[in-house]
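> Turn this into a structure:
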Amino acid sequence: MEYDKKLPQDYMTVGEMAKKMGVTVRTLQYYDQQGLLSPSAESEGGRRLYTDRDMILLHQILSLKHLGFSLDAIKNHLTALETPADVAAALTEQASVLRRKIETLSESLQAIEALKTEVLQMQSVDFKKYADIIVNLQMKNESYWLIKYFDDKTLDHIRNHFDKDSGLRMIATFTRLNDRAIELQAEGIPPESDKGRALAEEFWNMIQEFTAGDESLLENLMEIGSFDGLDDEWKARQTSANAYLGPALDAYLTELGINPFEEDRE
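Residues are numbered from 1 along each chain as shown. Down below sits the predicted model:
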């Protein structure tokens, strides 16, 4: 074309540059707008022109971008590196960034698989419960799968009364007291003993804190360990703890003259 013959020797148009480097014209235009890679010249007709040197720089940009560097980092930092040690330091830093991203993605993948398992075990679609499961997975609560067994009232109560920190503390307390119950049972210490009473008192205080005085929540809580489909190992451990905590709580509450289920019986 007559128009192309007017181009200076050894220069490429934006279209030719894009074709040679396997990028789009829009990409080159964007890099130009961002001040990352500007054409070395302009033709008489106003066409942007690139040189082999520009092509080498673009190759560097694309290579660094492939390694996960942001365009801002390439523009403001990487192109100014002068020594091999500088480049190595930048690569080391980027490797750390990528490792953190991999860890995050790995956790996300595990959460997706865990949630998928829960979704398939639930009897209906419940996005509120899905959200609760995701939150508990983020909290690294190993008992996240119990959520599907709670009714809406219990879950609404948990959402309204606990944040991440208080929720984790409650879970830690529950786990510790159950472990203690199993220990006392293994040691042959009677539930009615002073140690059993002390455990029951702490467990009852935990329940009171959890329910905030709403005893209608007790029934659902007492069913933990008896739900169908529970993990066999977890269920066996919870059953063992309940076998000790039940009599210990009965003795403790009888001593106090408290019967939390009296109204239900009436």
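> How is the chain divided into domains?
Following automatic domain parsing, the chain resolves into domains at 2-80, 82-150, 162-266.
> Tabulate those (JSON lines), appending mean neighbour count and distance to Asp156.
Where you see a C-beta, it was placed from the backbone N, CA and C, and this is true even at glycine. Listed next are those as JSON lines, based on neighbours: other C-beta atoms under 10 Å; distance: least, C-beta to C-beta, whole Å:
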{"stretch": "domain 2-80", "mean neighbour count": "14", "distance to Asp156": "42"}
{"stretch": "domain 82-150", "mean neighbour count": "13", "distance to Asp156": "9"}
{"stretch": "domain 162-266", "mean neighbour count": "15", "distance to Asp156": "10"}
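> Turn those into TSV, columns for mean pLDDT.
TSV is the format used below for the domains of the chain (pLDDT from 0 to 100):
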stretch	mean pLDDT
domain 2-80	85
domain 82-150	89
domain 162-266	84
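> Which stretches in the stretch 1-150 of the chain count as strands?
Assigned by DSSP state E, counting those that start in this stretch, the strands in the stretch 1-150 of the chain fall at 12-13, 41-42, 48-50.
> which helices and strands sit right next to the last one?
In terms of contacts (3 or more C-beta pairs under 8 Å, 6 or more residues apart in numbering; DSSP states H and E), strand 48-50 is packed against strand 12-13, helix 14-21, strand 41-42.
> nearest to Ser216, of these?
Among those, helix 14-21 comes nearest to Ser216, with 68.4 Å by C-beta to C-beta.
> Tell me the helices and strands packed up against the closest one.
helix 25-33, strand 48-50, helix 52-66.
> Can you add distance to Thr211 and give the ones you listed back as TSV?
Shown next, in TSV, are the helices and strands packed on helix 14-21 (distance: least, C-beta to C-beta, whole Å):
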stretch	distance to Thr211
helix 25-33	58
strand 48-50	71
helix 52-66	55
